[in-house]
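1. predicted structure and sequence below. I'll ask about it afterward.
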Amino acid sequence: MIQPEARTSEHPRISIADHQPALLAAYSGLHRAVEMSLDKRLHELVKLRASQINRCAFCLEMHTREGRESGLSQEKLDLLPAWRESSVFDGRERAALELTEAMTLLSCDGVPDVVWSAASREFSKEELAALMMAVVTINGWNRIAVTSRSSVPRRPDHA
């Protein structure tokens, strides 16, 4: 694995919007469809947790802001990296976060049955399908942003 210090540049590498706009539009359409299928706050938790694991600063900045706008409490945002040890997350959120981690950190053994069983108890099959697609889409966005080195926009209050 190449260490962060081994990077040669922090400058953006490529813009998919500039070079393959049709592909970006198609992926954006999938993302919009997923957004219509899940509770907004739950979806933001999923996007944030995957983005934390993938170390995607661009997505972390965006989804932290969008999480607040959707009504996620600051406490949940603060405790998300340690969700297992915190009592502020309910059963559905815990099952979604467990599935998000298992799918994001896909091991040689795949998603464990115990993780799938817990998610199946909390979500309908339609919700599970939407949740799986939510994890897939945020992981794709993370990989695009990290690989292309999408820069985090500087906000005036953080200049």
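-> Sure thing, it's come through.
2. give me the contacts around the helix or strand hosting Glu75.
-> Glu75 belongs to helix 74-79 when elements are defined using DSSP states H and E. If you take CB atoms under 8 Å, 6 or more residues apart in numbering as the criterion, helix 74-79 is touched by Leu45, Leu48, Thr64, Gly67, Arg68, Ser86, Val88, Phe89. In short, each C-beta sits where N, CA and C put it, glycine included.
3. would a markdown table of the residues you listed with pLDDT be doable?
-> Shown next, in a markdown table, are the contacts of helix 74-79 (pLDDT from 0 to 100):
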| residue | pLDDT |
| --- | --- |
| Leu45 | 98 |
| Leu48 | 98 |
| Thr64 | 96 |
| Gly67 | 96 |
| Arg68 | 97 |
| Ser86 | 96 |
| Val88 | 97 |
| Phe89 | 98 |
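4. among these, which pair sits farthest apart?
-> Longest distance between any two of the contacts of helix 74-79 is 17.8 Å, between Arg68 and Ser86; criterion CB to CB.
5. from the contact counts, what lies against the longest helix seen in the chain?
-> Taking DSSP state H as the criterion, the chain has its longest helix at helix 125-148. Under the contact criterion of 3 or more CB pairs under 8 Å, 6 or more residues apart in numbering; DSSP states H and E, helix 125-148 touches helix 21-35, helix 40-53, helix 57-70, helix 91-104, helix 113-122.
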